[in-house]
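# Quick one: sequence plus predicted model below, questions after.
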Amino acid sequence: MLSLSELEQFIEDNRNEDVKKLALRSSSLLGENLNYVLTQISGWQRCRAKIPSWSKVKGVKFPVQLSMEQCSSEQTAYLKSQLIKGETLVDLTGGFGVDCAFLSQSFQQVFYVEKNSELADIVTHNYRVLGLTNITLNIADAVDYLKTMKPVSTIYIDPARRDDYGRKMVSIRDCLPNLSELRNLLFEKADDVWVKYSPMLDISLAIKELESVVELFVISVENECKELLFHLKKEGNKEPKITCFNLQQKGNSQFEFTYHEESLQPLLLIDRVENYLYEPNSSIMKAGCFKRLCEVYKLRKLDVNSHLYTSGQLQSDFPGRIFQVEETSTLNKKSLKALLAGVTKANVTLRNFPMSVDEFRKRMKIKEGGDCYLFGTTIAGVNSIIKCTKIS
């Protein structure tokens, strides 16, 4: 049986190993400590990608896989620490404590609340290792704690996003706790309430159910939508501001609008593809801003439901992918054959198009990859293929 110090050294020496292979060859050596060791190694491997600054700190402990999957990434937690500021903060659903740790940099005093005592013990240890001294930890149910807590300047909460059957939520009334039932109590305890929800949530329905939304932040990382962050105040706002972030290593993009602005914008369509093609990032797509882009970036939309845009002059600050258009073809066999001549590999995107990517690849005999980009879409009601090269 290995001692505690030997176990820690084993974890340190093997943290880059394949966990499944390690389990097979080390089960007899580790004995009853096998699950603990594997949890720490797999946790560190996830942390290295998701929370890189923590992975460099010796002594950080990791929970079970589900808690690691559900916690925020360092990129999104840091962004929230720039958006959410005040004097005192209560994080009612602490979890693995990533958001709470980063938010503590923007507050004088922070209270972490988590009903899972094992998880809270891990977080207590980690905060000590990380040197976070302004956070008080509490083991309690979020609603029970809310009822008895003293007022603070800010409340942060991340309601549970799945039911007992693992189904994804689309309404806040299906999440736990149900904030539509807690609105009055929340504003008795804080002037500012910030709520993180899954990107699967229906935004328009959530704004209606929450009633008090003044801002919404739709946050993506490397063009994958990760979370929705609602800022609530008691007086609410009839027209909340929507900010779409796409956090990337090459540089972050940010786009702001309101649904009122979107509703007033005429739909600017075009019946052909010009020199450049634009695909909005995933945050903008999730937020449903499709007409306002035309006005801000001087673009035209290819079709009502295609969500692709074009212009004659390059708009290099567009918040999404930008392509140089080479050729365009309908699905006419002769025209399509000419466009695809010599193309054996391509990156295929289909929007508002009558077949799947797999079906398209099989029919056109095109493999994934390469420098060629093909967009299958509808242009002025006609199914078309656009051949491009990527600019950014």
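Cool, the structure landed.
# Please list all residues in contact with L308.
277-279, 301-302, 351, 375, 377 (CB atoms under 8 Å, 6 or more residues apart in numbering). Backbone N, C-alpha and C define where each C-beta goes, glycine included.
# of those, closest to K362?
The closest of the contacts of L308 to K362 turns out to be F375 (CB to CB; 17.9 Å).
# Give me the secondary structure label for the closest one.
Under the three-state scheme (DSSP: H, G, I helix; E, B strand; the rest coil), F375 adopts strand.
# In a markdown table: the contacts of L308, plus distance to V213.
Shown next, in a markdown table, are the contacts of L308 (distance: CB to CB, whole Å):
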| residue | distance to V213 |
| --- | --- |
| L277 | 34 |
| Y278 | 29 |
| E279 | 28 |
| K301 | 28 |
| L302 | 32 |
| R351 | 29 |
| F375 | 34 |
| T377 | 33 |
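# So the spatially most central residue of the chain: helix, strand or coil?
Nearest to the geometric centre of the chain sits K226, at 0.9 Å (CA atoms, centre = their mean). With three-state DSSP as the basis, K226 sits in strand.
# And it, how far from Q65?
Distance of K226 to Q65, computed by CB to CB, to the nearest Å: 18 Å.
# about what we covered before: may I ask you to confirm that the residue nearest to the centre of the chain is in contact with I219?
Yes - using CB atoms under 8 Å, K226 is in contact with I219, at 5.5 Å.
# Show me whatever sits in contact with both of those two.
Residues touching both K226 and I219 by CB under 8 Å, 6+ apart: T76.
# so how many other residues sit close to K147?
Burial of K147 is recorded as 12 neighbouring residues (other CB atoms under 10 Å).
# can you check G95 too?
G95 has 21 nearby residues by other CB under 10 Å.
# And it, its phi and psi?
phi 60, psi -140 (degrees, to the nearest 10).
# quick one, what contacts it?
Taking CB under 8 Å, 6+ apart as the test, what G95 contacts is 67, 70-71, 114, 119, 158.
# Between those residues, identify the one with the most neighbours.
So for the contacts of G95 (other CB under 10 Å), the most neighbours sit at E114, 27 neighbours.
# dump the residue contacts of that one.
By CB under 8 Å, 6+ apart, the residues touching E114 are 93-95, 97, 120, 123, 137-140.
# Repeat the analysis, applying 7 Å as the threshold.
Going by CB atoms under 7 Å, 6 or more residues apart in numbering, E114 touches 94-95, 120, 123, 139.
# How far away from the center of its chain is stretch 14-30?
32 Å (CA atoms, centre = their mean, to the nearest Å).
# Report the rounded mean pLDDT for it.
Regarding stretch 14-30, the rounded mean pLDDT is 89.
# What spatial separation is found between E211 and E227?
Taking CB to CB, one finds E211 at 21 Å from E227.
# same thing with L4?
From L4 over to E227 (counting by CB to CB), the distance is 37 Å.
# who's more crowded, these two?
Higher neighbour count among L4 and E227: E227, with 21 against 8, using other CB under 10 Å.
# Make sure A346 is actually in contact with G370.
Yes - counting by CB atoms under 7 Å, G370 is a contact partner of A346 at 5.7 Å.
# With neighbour numbers in mind, choose between the two.
With neighbours defined as other CB under 10 Å, A346 and G370 compare such that A346 has more, 21 against 12.
# tally of neighbours for I391?
I391 is flanked by 14 other residues according to other CB under 10 Å.
# Can you classify the residue nearest to it when sequence neighbours are not counted by secondary structure?
In space, I391 comes closest to I322 once its chain neighbours are excluded; the distance is 4.4 Å by CB to CB, 6 or more residues apart in numbering. Assigned by three-state DSSP, the conformation of I322 is strand.
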